[in-house]
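# A structural model of the following input is requested.
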Amino acid sequence: MVEASNQGLLKPQSHNSDGRIYAQYSRLIKLRGQIGAFSLLPHLKSGSVLSGRHSSKFRGRGLNFEELRHYQQGDDIRNLDWKVTLRTGKPHVRTYTEEKDRSVMLCVDQGSSMFFSSLDTMKSVVAAELAALVAWRSLKDNDRVAWMINGSDGFSSIKPQRAQARLLAALECLSQHNQALSAHSKDIQTSSLSASLQQLMRLKLKDNIIVILSDWQHTSEQELSQFKYLQQHNDVLAVLISDPMEYAVPSQSKGWVMSDGQSQINLQGGAKLAKANQQLAKQGELKHSQLKQLMALKNLPLIEVDTSGEHISQFCKSLGGLK
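Residues are numbered from 1 along each chain as shown. Predicted coordinates for the structure are as follows:
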C-alpha cells in the first residue's frame with residue numbers, strides 16, 4: 001500500500017464551523033463514542049471466507065470451537081468426536097473457526113458531487129462521518145484500517161495500520177480533503193471514484209473488508225464490473241449516499257436554474273420539469289438496482305443513507321444496530 005500523498009491539500013479552515021457543511025476533525029474523533037451501536041460482523045460472516053477474529057469460514061483444526069454436528073462425506077476423520085460417536089452410535093465431528101488477521105479498507109468519496117445537500121448535511125460530511133465511525137469500530141475489533149480518500153483536490157492512500165495515533169492522522173487527512181471542497185470545486189481525473197476502483201484493482205487485495213462510501217454518481221458499467229471483481233476475493237460493502245433532489249426536483253412557481261459548473265438549464269415547471277424528473281428517477285433507480293444486485297451476490301445489504309442528518313442511525317439500522 002502506498003503512503004499518503006497530500007499534495008495540494010488545504011488545511012481545515014477555522015471559519016468552517018458548521019458541521020453540516022464541513023466535517024469537523026473534533027467531531028470525527030467524538031464518533032468513537034457511538035461504535036457500540038453497530039457491528040459489521042452479523043452480515044459479513046454469512047457468505048465470506050474472510051480472515052479475521054470474527055467467525056471466518058476457514059474450517060479445520062483452528063483456534064475456536066464452533067459446533068458439534070453429524071459426520072458428512074468429505075469431513076476430516078481427525079475431527080471425529082469419539083465420545084459422542086460412541087454414546088450416540090452415529091459419527092459426529094467437531095468444527096472450528098480459525099482466528100486470523102484482517103484489514104478494513106475505507107474508500108471515501110470526497111469529490112465535487114459530494115458537496116451537495118437539499119436537506120441538512122452535505123453528502124461529503126455524511127461519507128466522512130460514517131468512514132470515521134467504521135474506522136473506530138474496526139480499531140475496537142483490533143483490525144488494521146487502510147484508507148483511500150479521493151477528493152476534488154487530490155488523492156490520498158494510507159496503508160493499513162492498527163494504532164490510534166495513525167487513525168487520528170488519517171482523520172485529519174480526511175477532514176482536510178473535506179474542507180477543501182467548495183461550490184467551485186472541480187474534480188481532477190486522478191481523484192474520481194473510477195480512479196479509486198482502479199487503484200483497488202491494482203492492489204490485488206484478498207480477504208479484506210472494503211467499504212466504499214459514495215453517491216455513485218456517473219458510475220459506469222466498467223466500474224461496476226471492477227466492483228464485481230473485487231467481490232471475488234473480498235467482502236465489499238457499498239454505502240449509497242443520496243439526496244432526495246437527485247431523484248426529483250420539487251416544483252416551484254419561479255422554476256429552477258440548474259448547472260454543472262459549465263452549462264446550465266432553465267426548468268420553468270410543467271412539461272420540462274416533469275421530463276427532467278422522469279429522467280432523474282430513471283437514472284436513480286438504475287443505479288440503485290445495479291448496486292443492490294451486486295451486493296446480493298454475497299448476501300450483503302446495500303446500505304442507503306441520505307442527507308437528512310440521520311445518517312448515523314440509518315447506517316446502524318442497516319447493519320442491525322439501533323432500532
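# so which helix or strand of the chain has the lowest pLDDT on average?
helix 41-44 (a mean of 59; mean pLDDT, DSSP states H and E).
# can you show me the CA trace of the next helix or strand after that helix as CSV?
Following helix 41-44 in sequence order, the next helix or strand is strand 64-70 (DSSP states H and E). Extracted C-alpha coordinates of strand 64-70, given in CSV (Å, rounded to 0.1, in the frame of the first residue of the first chain):
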residue,chain,number,x,y,z
ASN,A,64,-12.1,-21.7,18.4
PHE,A,65,-14.6,-24.5,18.7
GLU,A,66,-17.7,-23.7,16.5
GLU,A,67,-20.1,-26.7,16.6
LEU,A,68,-20.7,-30.4,17.0
ARG,A,69,-22.5,-32.0,14.1
HIS,A,70,-23.1,-35.2,12.2
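# how about Val104, phi and psi?
Torsion angles at Val104 (phi, psi; degrees, to the nearest 10) stand at phi -110, psi 120.
# name the element the closest residue to it other than its chain neighbours belongs to?
Nearest non-adjacent residue to Val104, counting by Cβ to Cβ, 6 or more residues apart in numbering: Ser138, 4.3 Å away. C-betas here are computed from N, CA, C, even on glycine. Using DSSP H and E, Ser138 sits within helix 123-140.
# neighbours around Trp216, how many?
Counted with other Cβ atoms under 10 Å, the neighbours of Trp216 add up to 22.
# and it, that one's in a helix?
No - read with DSSP: H, G, I helix; E, B strand; the rest coil, Trp216 is coil and lies in no helix.
# so who does it touch?
Going by Cβ atoms under 8 Å, 6 or more residues apart in numbering, Trp216 touches Leu193, Ala238, Leu240, Lys287, Leu291.
# list the buried residues of stretch 289-306.
For stretch 289-306, a neighbour-count test (16 or more other Cβ atoms under 10 Å) marks Gln290, Leu291, Leu294, Met295, Lys298, Leu300, Leu302, Ile303, Glu304, Val305, Asp306 as buried.
# quick one: secondary structure of the fifth one?
Using three-state DSSP, the structure places Lys298 in coil.
# same check on the second one?
Using three-state DSSP, the secondary structure recorded for Leu291 is helix.
# just the pLDDT at Ser5, thanks.
pLDDT for Ser5: 45.
# tell me the mean pLDDT for the host helix or strand of Ala169?
Counting by DSSP H and E, the element that carries Ala169 is helix 164-179. Averaging pLDDT along helix 164-179 gives 96.
# how far does that helix sit from the chain's center?
Here helix 164-179 is found 17 Å from its chain centre; the criterion is Cα atoms, centre = their mean, to the nearest Å.
# so which bits of that helix are buried?
Arg166, Leu167, Ala170, Leu171, Cys173, Leu174, Ser175, Gln176, His177, Asn178, Gln179.
# in TSV: those, plus distance to Gln198.
What follows is the buried residues of helix 164-179, written out as TSV (distance: Cβ to Cβ, whole Å):
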residue	distance to Gln198
Arg166	25
Leu167	26
Ala170	21
Leu171	25
Cys173	21
Leu174	21
Ser175	25
Gln176	23
His177	19
Asn178	23
Gln179	26
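# that older thread, how many neighbours does the residue nearest to Val104 have?
For Ser138, using other Cβ under 10 Å, the count is 24.
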